[in-house]
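[1] model the following, please.
(chains A and B)
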Amino acid sequence: MRTLLVTMLVVSAGAGCWSDDRPVRWDRERAVLGPIALKSQVAYVDSALDRVVLVDVTADTPVISHTAIGRRAQYAVPSANRHQLFVITRGEQAVFAGQIDEAPKLWVVDTQRAGTPAVGYTIGSPFDRLAVSPDGKRAVAYFSAGGTDPDGFFRNPNELAVIDLASPPSETNPALETIRSFGAVPEGISLSPPMVLAGSPDPTPRTFAFVLSANTLTVLDATHPDRHEVSIRLDLGGAAVVPREVVFAPDTASAYVRSDHARDVLQVLLEAEPPSGTDLHDNDFRAVVAELGAGGGPTDIAVYDDAGGRRVVLASTPDTGEILVIDADTAQFRSIPVADPIDRILVFADGDAAPHKALFASVGAGGKRLYELELDHLSDPLAQAVLTPIVLDQPVRDVVPVPGRDLALVVHDDARTVIGVLDLTTTSTSPLLGVGQLDSYDFSPDGSHLVGATKGVSRIGFVALDNLHPTDFRLDDPPLHVLTTANDKVFVDHGGPFGHATIIPSPSAGRSDAVVLSGFLTADLFDETTPVEEEH
Amino acid sequence: MRMILIGLVLAIAVPAAAAPGGNDEVWFGGTTRALRSASANALTDDNLGGAAFGYAREIAELGPDLALWAEAGMTIDEARGTMFQVLDTRLGVIDGTAGVRLRYRLHRLVAASARLDAGVQRAAIEISDATDTTWGAMASTALAVDLLAVARPDFGLGVRAELGYVRAQARSIALHSPTGSEALQLPLMDAALGRLDLSGPTFGVALVGQF
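    Residues are numbered from 1 along each chain as shown, chains lettered A, B, ... in the order given. Sure, this is the predicted structure:
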């Protein structure tokens, strides 16, 4: 009997040593977010391996690095200066062996300092969208839409997490807030640049979050998220008024809001107002709302600062057949009549200089006319503002500005097979005939080249925008996405589970100058030790 | 079945003083290797399994029941798995080894042995349509028990159960996808998956013939 017992123990011990549990990470469902163009890197977020993969293309030989983040990445967005990458991870509950309990988090990945661990902010709820302030110091996480959470139980779509990115995570950072709701849920959030409220005893510039919901615009002081928000009802009794765009005039602590089904562009001026002495969470501002224009529903707005530093808002109101030029600081406006239903406004700036031209298009109607407007003397009330029509042969389906140039890419069909380059200096259009649908394109940082790719065609097309000379670069594999980085390199993503990309040093480079980088998504996979494995 | 029983009876009836089998030995059987390294776990949840065969010759008699054998063998193993629920993986391993075995006869029909081998290992990795093959050094050691069913002086036939451990050199893996094109390819830079360690405990059962 004793022998049998010993034998059983030995066999059991042997069997235990024989098998081991495979880490659960290898059996996870995997989704890869990216490619995301950063300053001189391209980022991918791996939801199964819980890491951000950065491909640095600064040097001749690309450098691959990883930064660990939390479980189940579901949204990623770069900062405005493209030095940081923000990733929201949903986290998980430890239900099966090998899983870990982790709350939803926002991860801030500093892509400029290799080896720096990502900073994780516990955001409390599995938000799937993020708005980051232009200065990169504050962020607001929110839900992309209403509806239930299939992986949860209750869901509060009006909950926000306000994160102070300049401060480390703490019990009060992020701050979780639920904004006042009248039945709608946020459809977008815009964060203002730092603004100082006129007349406020607090001279500190602060960031305001403009929460866009159907029939409601909510203004929240993101610098002081514990204070009450201000809700602005937008409904007119008819179709729901849905705010779509917000442009800010930080010098006057105001914002201009374009909404679908609205009568006009809305100006929201934030003014200081002493808080209630009895309510510790009362805010210290009020929102003064004004409608600008003459009752036409705006379809697009654009903003620029003129040579005198004056902030100007351009708005198109097809219902009244006008283009509105609004002085954002004074709310004074002038109107320019236009026959076409304009719904796309582009402003052309040359570097840091003030913009001097604007382009107007009626994309929805597929109009064959574009309009150019000289902006240089628009502030002079005596100068006549005249739209110059540019008549094209084919309807306009999309218009994209070329960065830093007086050029625009005009797409003439929904399949993006017929495109043209519009030169605003000569108001001439040059058609470009592509081999197929332009599925992915980008411009070189200095605007010297258009780079385009068509899925299934193993070539990249370049157009030198100075003389519209087309060239092509034969690839070994068909492309999925094409990106350009700040150092003028062209990154062609071919897709695939291991990571497969072609890096072309410049638009003028030859095939021998390029390099195909393969396996970067799974680089060092065998050598990496997960936190779970370390615990074991 | 009846023939096996007759064989067993005849084998037992052979006088115990006679030395069973001969100076040469061949074996063929099945083997399995537990993959316990983090890198191997990445590829598959399974263990390596396959066939082993080899030849051995007695080179020195160290005592009445103790002998030293030189041997050479080969093991062909395979494991399949899945990564991230969608990537099929396959691991093919071929070991070629040479070494010595110290064999002690406990009984006319029972022997215990200890083995020490060294050799090379070829590992072929396949994930989805990407592959790589590496060569590396390896060493293995094992303890075995031989149970002979036939133990005549000129011939022996039995079964060997062997428990051991393989220490394999971890080699870097970089996957390559077939291009299928004769065109000149762009300069390629493969990022390595890392070093694949296929070390692990082994267990095998083989049919042994001595002559």
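[2] what's near enough to touch the residue most central in space within chain B?
    In chain B, the centroid-proximal residue (Cα atoms, centre = their mean) is B:T75; its distance is 4.1 Å. Counting by Cβ atoms under 8 Å, 6 or more residues apart in numbering or on different chains, B:T75 touches B:31, B:50-52, B:93-95, B:97. In short, each C-beta sits where N, CA and C put it, glycine included.
[3] strands - which of the residues you listed land there?
    Among the contacts of B:T75, the members falling in strands (DSSP state E) are B:31, B:50-52, B:93-95, B:97.
[4] could I get these as CSV with neighbour count, distance to A:V399 and pLDDT?
    What follows is the ones in strands among the contacts of B:T75, written out as CSV (neighbours: other Cβ atoms under 10 Å in any protein chain shown; distance: Cβ to Cβ, whole Å; pLDDT from 0 to 100):
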residue, neighbour count, distance to A:V399, pLDDT
B:T31, 23, 68, 94
B:G50, 18, 63, 94
B:A51, 15, 67, 95
B:A52, 22, 70, 94
B:V93, 22, 59, 95
B:I94, 16, 62, 96
B:D95, 26, 65, 95
B:T97, 22, 70, 95
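[5] out of the residues you listed, flag the one nearest to chain A.
    B:T31 (13.3 Å; Cβ to the nearest Cβ).
[6] what are the ranges of the strands in chain B?
    B:24-33, B:48-61, B:66-83, B:87-107, B:110-127, B:130-152, B:155-168, B:171-173, B:188-190, B:194-196, B:200-210.
[7] so for A:A523, which of those strands sits nearest?
    Closest of the strands of chain B to A:A523 is strand B:194-196, at 7.9 Å (criterion: Cβ to Cβ).
[8] quick one: low-confidence parts of the chain?
    I went with chain A, as the question did not name one. Within chain A, the set of residues satisfying pLDDT under 70 comprises A:1-20, A:146-147, A:236, A:293-295, A:350-352, A:414-416, A:528-536.
[9] could you do chain B instead?
    B:1-21, B:180.
[10] before we move on, what SS does A:W26 have?
    Here A:W26 takes the helix state, with states given by DSSP: H, G, I helix; E, B strand; the rest coil.
[11] is it correct that it is in contact with B:L87?
    No. Judged on Cβ atoms under 8 Å, A:W26 makes no contact with B:L87 at a distance of 9.6 Å.
[12] just want to know which of the two has more residues nearby.
    A:W26 (24 against 18; other Cβ atoms under 10 Å in any protein chain shown).
[13] who's in contact with that one?
    A:W26 is in contact with B:41-42, B:45, B:83-84, counting by Cβ under 8 Å, 6+ apart.
[14] how many residues are close by A:T223?
    Using other Cβ under 10 Å: A:T223 sits among 20 other residues.
[15] what pairs with A:L160 across the strands?
    Going by DSSP bridges, A:L160 is paired in beta bridges with A:E177.
[16] ignore the last one, B:F155
    In beta-bridge terms (that is, DSSP bridges), B:F155 pairs with B:R152.
[17] could you check how far it is from chain A?
    As judged by Cβ to the nearest Cβ, to the nearest Å, B:F155 and chain A stand 33 Å apart.
[18] on that earlier part again, could the contacts of A:W26 be laid out in CSV, adding distance to A:P381 and neighbour count?
    Converted to CSV, the contacts of A:W26 look like this (distance: Cβ to Cβ, whole Å; neighbours: other Cβ atoms under 10 Å in any protein chain shown):
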residue, distance to A:P381, neighbour count
B:N41, 75, 19
B:A42, 71, 23
B:D45, 77, 19
B:M83, 68, 23
B:F84, 64, 17
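[19] also near chain A: which of these, exactly?
    B:41-42, B:45, B:83-84 (Cβ under 8 Å from any Cβ of the partner chain).
[20] just send the residues you listed back as a markdown table, with distance to B:F155 too.
    As requested, the ones next to chain A among the contacts of A:W26 are arranged in a markdown table below (distance: Cβ to Cβ, whole Å):
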| residue | distance to B:F155 |
| --- | --- |
| B:N41 | 44 |
| B:A42 | 47 |
| B:D45 | 43 |
| B:M83 | 49 |
| B:F84 | 53 |
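[21] nearest to A:P431, of these?
    B:F84 (44.8 Å).
[22] test my guess that the closest one contacts A:E29.
    Yes. Proximity of B:F84 to A:E29 meets the contact threshold set by Cβ under 8 Å, at 7.0 Å.
[23] joint contacts of these two?
    Common neighbours of B:F84 and A:E29 (Cβ under 8 Å, 6+ apart) are A:A48.
[24] who does the one residue in chain B that gets nearest to chain A bridge with?
    Of all residues in chain B, B:G194 sits closest to chain A, at 2.9 Å by Cβ to the nearest Cβ. The partner list for B:G194 in beta bridges (DSSP bridges) reads B:I173.
[25] surely it touches A:D527?
    Yes. Using Cβ under 8 Å, B:G194 is in contact with A:D527, at 3.8 Å.
[26] of those two, which one has the most company?
    Neighbours were tallied for B:G194 and for A:D527 using other Cβ under 10 Å; the higher tally belongs to B:G194 (20 against 15).
[27] contacts only, for that one.
    Per Cβ under 8 Å, 6+ apart, neighbours of B:G194: A:523-528, B:39, B:172-173.
[28] neighbours of the nearest residue to A:S458 once chain neighbours are set aside, just the number please.
    Excluding its sequence neighbours, the residue lying closest to A:S458 (Cβ to Cβ, 6 or more residues apart in numbering or on different chains) is A:L475, at 4.5 Å. A total of 20 residues lie near A:L475 under the criterion other Cβ under 10 Å.
[29] isn't A:L475 right up against A:T502?
    Yes. Contact criterion Cβ under 8 Å: A:L475 and A:T502 qualify, at 5.5 Å.
[30] joint contacts of these two?
    Residues touching both A:L475 and A:T502 (Cβ under 8 Å, 6+ apart): A:492, A:494, B:186.
[31] correct me, but the last one touches A:G510?
    No. The pair B:L186 / A:G510 is not scored as a contact, 10.3 Å apart, by Cβ under 8 Å.
[32] near chain B, which residues of the stretch 351-500 of chain A show up?
    A:475-476, A:496-500.
[33] before we move on, the earlier item: between B:L186 and A:G510, point out the one with more neighbours.
    Counted by other Cβ under 10 Å, B:L186 and A:G510 do not tie: B:L186 has more neighbours, with 20 against 9.
[34] residue contacts, that one?
    If you count contacts by Cβ under 8 Å, 6+ apart, then B:L186 has A:475-476, A:502, A:511, A:514-516 around it.
[35] spatially nearest residue to it, not counting backbone neighbours?
    The nearest residue in space to B:L186 (Cβ to Cβ, 6+ apart) is A:V516, at 4.8 Å.
[36] quick check, the one you found in a strand?
    Yes. Secondary structure of A:V516 (three-state DSSP): part of a strand.
[37] count the residues that sit near it.
    Neighbourhood size, A:V516 [other Cβ under 10 Å]: 19.
[38] next up, phi/psi of A:G297, please.
    Dihedral pair for A:G297: phi -70, psi 120, per degrees, to the nearest 10.
[39] would you check that it makes contact with A:A315?
    No. Look at A:G297 against A:A315 with Cβ under 8 Å: they stay out of range, at 10.1 Å.
[40] higher neighbour count, these two?
    Shown here are A:G297 and A:A315; by other Cβ under 10 Å, A:A315 has more neighbours (28 against 19).
[41] how about residues contacting the host helix or strand of the more buried one?
    Using DSSP states H and E, A:A315 sits in strand A:311-317. With Cβ under 8 Å, 6+ apart as the test, strand A:311-317 has contacts from A:247, A:249, A:251-252, A:256, A:258, A:264-265, A:292-294, A:296-306, A:322-329, A:338, A:342-343, A:345, A:347, A:358, A:360, A:375, A:378-379.
[42] beta partners for A:A68?
    Applying DSSP bridges, one finds that A:A68 bridges with A:R51.
[43] against A:Q394, how distant is it?
    Distance, A:A68 to A:Q394, by Cβ to Cβ, to the nearest Å: 50 Å.
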